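K.L.:
have a look at this fold, sequence not included:
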């Protein structure tokens, strides 16, 4: 097994100069792509870009939190792996030593990262991992990881070669070690750019919006301060890091949706392997049925119960019923507060 910490050794040899040139050529487009590409497209292009510098058959880029039971995955991007690869890995992830090996002792937070290369045939891997590699036709693995402490949040990249291919060389390991910290930073930058782009679109809207990125299980990865403040106002007992339970229960992988109560309106949509979640003050139309909204608007404009009833062709008792519903849903108690809430 080949293992290297980040960075070339001291002393500029021709080999080290070639390595430095490779790192430079890889990093320049990496950060440029992070500025503009959607999250999923950026991650796919990262893997395609790496293939120009390191030869591999398939690849897996993931972000997770390291736990005693193995990495708890937040996002995942594969290239040329079998469709069941990640699902099969989930069944034996507690036996996967590669992220811990690549991260080095203690995670090395703040350093450029660690990398390892190994041959599945000769490395002391647990039996479940050997079975996984055999089923997925993986013989050689090059893995890099960057771990942020104390949260143990990890970015990990594994490049695979099939049986019959040559092992990874020392140059590949050193290149991975140099690049993985930058890749972690570029992924973070790309996600922050997506949030900023969303804010730019909605800054001119009548209703201001805040945003966050969460994984499919509702764990918040990036968020505006105003987004967190709105959640705490809507659910006073909530402290994170996962989204409030009423929202988490509505999440479905790969689909969008919305949820509103008297204090907040939330909507979400897929963004790569993650979810882009938006928060804003609720509009009356989010909370009231169409007839309730029509009654409330007429009554709030100054009409009496009877005048509203005549206007809509319904009984005054029905008007009062709809108003009771509107008062409760909008959390108001008088006509003035109702009018103010409707004007928003």
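P.N.:
Right, received. Where do you want to start? This one's a predicted model, so the numbers in the text were calculated from it and none came from an experiment.
K.L.:
C-alpha only now, for contacts and for neighbours.
P.N.:
Fine.
K.L.:
let me know the average pLDDT across stretch 25-42.
P.N.:
Mean pLDDT, computed over stretch 25-42, is 92.
K.L.:
buried residues in that stretch?
P.N.:
Neighbour counts over stretch 25-42 (16 or more other CA atoms under 10 Å) mark 26, 27, 30, 31, 33, 34, 35, 37, 38, 39, 40, 42 as buried.
K.L.:
for the helix or strand hosting the second one, name the packing helices and strands.
P.N.:
Following DSSP states H and E, one finds residue 27 within helix 14-36. Helix 14-36 sits against helix 39-50, helix 170-202, with contacts defined as 3 or more CA pairs under 8 Å, 6 or more residues apart in numbering; DSSP states H and E.
K.L.:
out of these, nearest to residue 238?
P.N.:
helix 170-202 (22.4 Å; CA to CA).
K.L.:
what's the angle from the closest one to helix 14-36?
P.N.:
20 degrees (axes from the mean of the first three to the mean of the last three CA atoms, to 10 degrees).
K.L.:
and helix 170-202, how far out from the chain middle?
P.N.:
Relative to its chain's centre, helix 170-202 lies at 13 Å (CA atoms, centre = their mean, to the nearest Å).
K.L.:
next helix or strand past that helix?
P.N.:
Next along the chain from helix 170-202, counting by DSSP H and E, comes strand 210-214.
K.L.:
what mean pLDDT would you report for that following strand?
P.N.:
93.
K.L.:
and residue 55, that's in a strand?
P.N.:
No. Per DSSP: H, G, I helix; E, B strand; the rest coil, residue 55 lies outside any strand segment and is coil.
K.L.:
separation between it and residue 18?
P.N.:
Computed as CA to CA, to the nearest Å, the residue 55 to residue 18 distance reads 16 Å.
K.L.:
what sits against the residue nearest to the spatial centre of the chain?
P.N.:
The C-alpha lying nearest the average C-alpha coordinate of the chain belongs to residue 274 (CA atoms, centre = their mean; 3.8 Å). Each residue near residue 274 by CA atoms under 8 Å, 6 or more residues apart in numbering is listed here: 74, 75, 213, 214, 215, 216.
K.L.:
I'd assumed residue 63 was in contact with the second one.
P.N.:
Yes. At 5.3 Å, residue 75 counts as touching residue 63 under the criterion of CA atoms under 8 Å.
K.L.:
could you check which of the two has the larger neighbour count?
P.N.:
Taking residue 75 and residue 63 together and counting by other CA atoms under 10 Å, residue 63 has the greater number of neighbours (22 against 17).
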